[in-house]
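Trainee: Return atomic coordinates for the entry below.
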Amino acid sequence: MSAKSGGGVPRVLHLQSTFAAGGKERRTVELINAFGSRLAHTIVSAEPDRLDAADGIAKGIRVTLPPDFPSLKGTPLPGRLMKIAKAMKPYDLVLTYNWGAMDAVMAHTMFSEALDLPPLIHHEDGFDESELKKRKRSRTWYRRVALGKSSGLVVPSETLEEIALVEWQQPLGRVKRIPNGIDTKAFAMRPKPDTLRLIKHKGEHWVGTLAGLRTVKNLPRLVRAFASMEDDWHLVIIGEGSERDAIEAEIDRLELHDRVHLTGAVKDPARVIGLFDIFALSSDSEQFPLSVVEAMAAGLPVVAPDVGDIKDIVAEENREFITPAGDEGALSAYLRDMARDFARAERIGAANQAKARAEFDRDKMVATYRRLYSSAMRREF
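Mentor: Numbering: from 1, shown residues only. Predicted coordinates:
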């Protein structure tokens with residue numbers, strides 16, 4: 001029984017690099033909703049103005065956001081790290097996410113014994129733009145030291161699992177690979193044509209993507225790859241972020257205003273992703289993109305670059321449409337090829353849907369996380 005919660009509902013502190021509506025944030029929300037009233041949550045974002053993902057948290061769940069908590073950004077001097085460590089003390093479990101929260105991980109390792117801090121589990125979902133081509137040696141060393149007293153390091157992909165074991169030199173027992181999961185039944189429901197502010201008209205076909213508008217997603221590349229598709233095809237980009245102006249500039253340059261649409265973020269992707277006919281990604285880097293699993297559960301074929309675990313995630317029938325990483329010409333050609341053969345696209349989509357249901361359903365993921373978090377707290381919930 002937790003001394004901090006006094007036997008009541010365990011208090012969980014989430015220290016996020018950002019809480020914008022991206023893949024790792026949607027997974028966090030999925031878990032918060034699944035755990036329901038059995039946990040109370042406090043969410044801190046290193047980018048305090050990026051809290052969009054919180055809109056998906058179900059009513060009635062105990063969530064404090066944003067709390068009074070030291071900034072996760074700054075020089076990792078001992079005094080600042082001590083303040084972060086002291087702020088962890090009232091909780092039963094600390095969950096940290098990505099590089100943006102690594103100072104908090106270091107604070108925990110430095111002061112956990114002196115302050116009798118709660119257990120900490122770190123989650124890594126990939127790398128920001130500064131480490132796309134080559135990982136920074138300074139960050140590798142920092143991670144090795146900072147993760148030294150964590151109760152677990154969760155990664156979604158085989159690629160990240162190998163990096164954690166080899167480059168970050170984490171012991172095998174600390175690294176936990178948990179594939180992302182979703183409510184596959186919800187994504188299988190057929191959406192209404194007017195679910196988005198954008199109406200899908202009869203005779204139209206949509207290439208769609210669901211992504212934060214960030215540099216690493218390289219969405220101007222997707223706009224260029226789409227440009228040569230037939231006039232009855234539209235490109236629909238669902239998401240929000242700092243690269244919106246760059247994407248719009250590419251749309252302007254190619255004069256595609258009537259066929260490329262930026263809809264902004266959506267609260268419930270399950271209600272809209274089924275409007276797409278083809279799901280596409282153009283990212284420079286991914287690990288285990290939740291959006292690909294969501295598209296599969298909706299019965300869609302996927303055209304995407306061979307980054308992270310994407311080729312292993314999709315069904316075998318879909319793998320020939322996974323392009324070499326960074327090959328814009330192949331991305332364009334594969335989109336056109338998929339669009340020309342509706343029967344084949346439908347077969348691939350059905351195979352993807354079957355695989356999503358068999359391997360990536362939410363219930364399995366939730367059960368695995370529950371066991372991990374319960375074990376760290378030494379308390380069932």
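Trainee: Give the burial count for Val63, as a bare number.
Mentor: For Val63, the neighbour count with other CB atoms under 10 Å is 18. (Glycine included, C-beta is placed from N, CA and C.)
Trainee: Tell me how many other residues surround the nearest residue to it once chain neighbours are set aside.
Mentor: Counting by CB to CB, 6 or more residues apart in numbering, Val63 lies nearest to His41, which is 4.8 Å off, once chain neighbours are set aside. His41 sits with 22 neighbouring residues when counted by other CB under 10 Å.
Trainee: Secondary structure element for His41, which one?
Mentor: If you go by DSSP states H and E, His41 is part of strand 40-45.
Trainee: in its sheet, what does that strand sit against?
Mentor: With DSSP bridges as the test, strand 40-45 is paired with strand 11-16 (parallel), strand 63-64 (parallel).
Trainee: Single out the most deeply packed of those.
Mentor: Highest mean neighbour count of the strands paired with strand 40-45: strand 11-16, a mean of 25 (counted as mean count of other CB atoms under 10 Å).
Trainee: How far does the very next helix or strand once past that strand sit from its chain's centre?
Mentor: The helix or strand immediately downstream of strand 11-16 is helix 23-35, counting by DSSP H and E. Using CA atoms, centre = their mean, to the nearest Å, the mean C-alpha position of helix 23-35 is found 10 Å from that of the whole chain.
Trainee: I'd like to know which of the strands paired with strand 40-45 is closest to Asn318.
Mentor: strand 11-16 (31.5 Å; CB to CB).
Trainee: and the angle for the strand holding His41 with helix 23-35?
Mentor: Per axes from the mean of the first three to the mean of the last three CA atoms, to 10 degrees, the angle that strand 40-45 makes with helix 23-35 is 170 degrees.
Trainee: Could you list the alpha-carbon positions for strand 40-45 in CSV?
Mentor: C-alpha atoms of strand 40-45 as CSV (Å, rounded to 0.1, in the frame of the first residue of the first chain):
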residue,chain,number,x,y,z
ALA,A,40,-5.3,10.2,-10.4
HIS,A,41,-3.1,12.0,-13.0
THR,A,42,-1.0,15.1,-13.1
ILE,A,43,0.3,16.1,-16.5
VAL,A,44,3.2,18.5,-17.0
SER,A,45,4.4,19.5,-20.5
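Trainee: Show me the contact partners of it.
Mentor: With contact meaning CB atoms under 8 Å, 6 or more residues apart in numbering, strand 40-45 is reached by 9-19, 32, 51, 54, 61-67, 69, 72, 91.
Trainee: Mind giving me the packing neighbours of the longest helix along the chain?
Mentor: The longest helix of the chain (DSSP state H) is helix 342-359. In terms of contacts (3 or more CB pairs under 8 Å, 6 or more residues apart in numbering; DSSP states H and E), helix 342-359 is packed against helix 184-188, helix 290-297, helix 328-340.
Trainee: Of those helices, which stretch is the most buried?
Mentor: helix 290-297 comes out most buried of the helices and strands packed on helix 342-359 by mean count of other CB under 10 Å, with a mean of 27.
Trainee: Tell me where the stretch 201-350 of the chain has strands.
Mentor: Taking DSSP state E, counting those that start in this stretch as the test, the strands found in the stretch 201-350 of the chain are 205-210, 233-238, 260-264, 278-280, 302-305, 322-323.
Trainee: Please put the alpha-carbon coordinates of the third one into PDB.
Mentor: Backbone C-alpha positions of strand 260-264 (Å, rounded to 0.1, in the frame of the first residue of the first chain) are rendered in PDB as follows:
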ATOM      1  CA  VAL A 260      -5.100  19.600 -50.700                       C
ATOM      2  CA  HIS A 261      -6.800  20.300 -47.400                       C
ATOM      3  CA  LEU A 262      -5.400  21.000 -43.900                       C
ATOM      4  CA  THR A 263      -8.200  20.400 -41.500                       C
ATOM      5  CA  GLY A 264      -6.500  21.000 -38.200                       C
END
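Trainee: picking that back up, and Glu47, which of the strands paired with strand 40-45 is closest to it?
Mentor: Across these, Glu47 has its closest neighbour in strand 11-16 (8.5 Å, CB to CB).
Trainee: Could you list the residues in contact with the closest one?
Mentor: 4-5, 25, 28, 39-46, 72, 88, 90-98, 100-101, 104, 118, 373.
Trainee: Also stretch 111-118?
Mentor: 4, 13, 81-82, 85-86, 88-89, 91-94, 108, 120, 149, 377.
Trainee: can we see that at 7 Å?
Mentor: Applying CB atoms under 7 Å, 6 or more residues apart in numbering, the contact partners of stretch 111-118 are 4, 82, 85-86, 88-89, 91-94, 108, 149.
Trainee: low-scoring pLDDT stretches of this protein, where are they?
Mentor: Within the chain, the stretches with pLDDT under 70 are 1-7, 132.
Trainee: Domain map for it?
Mentor: Under the assignment automatic domain parsing, the domains of the chain span 11-181+362-377, 184-359.
Trainee: mind checking how far Asn352 is from Ser17?
Mentor: Remark: distance between Asn352 and Ser17 (CB to CB, to the nearest Å) = 30 Å.
Trainee: actually Lys133, sorry about that
Mentor: With distances taken as CB to CB, Lys133 is found 20 Å from Ser17.
Trainee: Pick out whichever of these two has more residues nearby.
Mentor: Ranked by neighbour count (other CB under 10 Å), Lys133 and Ser17 place Ser17 first, with 24 against 9.
Trainee: quick revisit: next, format the strands paired with strand 40-45 as TSV and append distance to Tyr142.
Mentor: Formatted as TSV, those follow (distance: least, CB to CB, whole Å):
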stretch	distance to Tyr142
strand 11-16	16
strand 63-64	29
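Trainee: Point out the one among those strands that comes closest to Phe288.
Mentor: strand 11-16 (17.7 Å).
Trainee: Might you calculate how far that closest one sits from the centre of the chain?
Mentor: That offset, for strand 11-16, works out to 17 Å (CA atoms, centre = their mean).
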